[in-house]
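Peer 1: Just to be clear, the model below is a prediction. Sequence and coordinates:
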Amino acid sequence: LYPILSALTLYITFPILDRTVKRFTIDNLRFGTAEFKVDIPLGAFYKAAVIALLWVMVVAAAAYLTIASAIIASPEDNPMAVILTGYAVFFIGLIPAGFIYQALTRNIIYNSTTLSGGHALRSNVSATQLFWIALSNMLVVVLTLGLMLPWAQVRVARYLSDHTGVEIGSSLDDFIGTEQEKATALGDAYSDIEGLDVGLPI
């Protein structure tokens, strides 16, 4: 229902959709038997969306004024000016706005996620750096006819991993030992019922 609501409200409620999907996904992840939990404030998603939207608006205004002054007329009077303005807004406004939103929400999500045992995830991705990596990756991939795509993917993955961490809340040895014991107990329980038809659709 949220995608339908988002479309009907001209995507004003898109942050609600995005937050709901992210929260559902993370709340259903497990590390062994330890549960991930995320408490994401909705206002933070709207703040990220507003910042991204403001960037698009600033770029659109700058492109309009620049092109208007260049042709000394209103861009609407010149079809080519309209086209150039559209390209400027798309490549300089919309695409970077997507990376701004992605970086901000990623930091929000990771910094709001905890793991049983008192551990917490952390992220400090920069929207500017992420956009530069994506832009330079695109240029390299296009110029090499796709041959450097694996390199580009590894480059993004390396940057994200370098800016992702864990805040340790208790002894990792105790945490891992406990999870191993739980996993062993779960495996033993499964081996006891293996081969029995219990009617599960798996």
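Peer 2: Nice, thanks for sending it over. Because the structure is predicted, anything quoted here is derived from the model rather than measured. Numbering: from 1, shown residues only.

Peer 1: residue ranges of the helices in the chain, please?
Peer 2: 2-8, 14-27, 42-71, 79-88, 95-111, 127-143, 149-162, 172-193 (DSSP state H).

Peer 1: Format those as TSV; extra columns: mean pLDDT.
Peer 2: Listed next are the helices of the chain as TSV, based on pLDDT from 0 to 100:
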stretch	mean pLDDT
helix 2-8	89
helix 14-27	92
helix 42-71	86
helix 79-88	74
helix 95-111	91
helix 127-143	88
helix 149-162	93
helix 172-193	63
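
Peer 1: Out of those, the one nearest T33 is which?
Peer 2: Nearest to T33, of all the helices of the chain, is helix 172-193, at 4.6 Å by Cβ to Cβ. In short, each C-beta sits where N, CA and C put it, glycine included.

Peer 1: re the thing from before, columns distance to E35 and mean neighbour count on top of the helices of the chain, output as a markdown table?
Peer 2: Shown next, in a markdown table, are the helices of the chain (distance: least, Cβ to Cβ, whole Å; neighbours: other Cβ atoms under 10 Å):
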| stretch | distance to E35 | mean neighbour count |
| --- | --- | --- |
| helix 2-8 | 24 | 12 |
| helix 14-27 | 8 | 17 |
| helix 42-71 | 22 | 16 |
| helix 79-88 | 46 | 14 |
| helix 95-111 | 16 | 20 |
| helix 127-143 | 29 | 15 |
| helix 149-162 | 23 | 13 |
| helix 172-193 | 11 | 12 |
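
Peer 1: which ones are touching F99?
Peer 2: The contact partners of F99, by Cβ atoms under 8 Å, 6 or more residues apart in numbering, come to 127, 130-131, 134.

Peer 1: Would you mind measuring from V156 to L143?
Peer 2: 18 Å (Cβ to Cβ, to the nearest Å).

Peer 1: measure the nearest residue to A49 once chain neighbours are set aside to M57 for me?
Peer 2: Closest residue in space to A49, ignoring its immediate chain neighbours: P15 at 5.1 Å, by Cβ to Cβ, 6 or more residues apart in numbering. P15 is 17 Å from M57, where distance means Cβ to Cβ.

Peer 1: go on, I12?
Peer 2: Distance from I12 to M57, by Cβ to Cβ: 15 Å.

Peer 1: Equivalent analysis for Y46, please.
Peer 2: From Y46 over to M57 (counting by Cβ to Cβ), the distance is 16 Å.

Peer 1: who are the neighbours in contact with E35?
Peer 2: E35 makes contact with 27, 29, 115-116, according to Cβ under 8 Å, 6+ apart.

Peer 1: now those residues: which count as buried?
Peer 2: Buried by 16 or more other Cβ atoms under 10 Å: 115-116, out of those.
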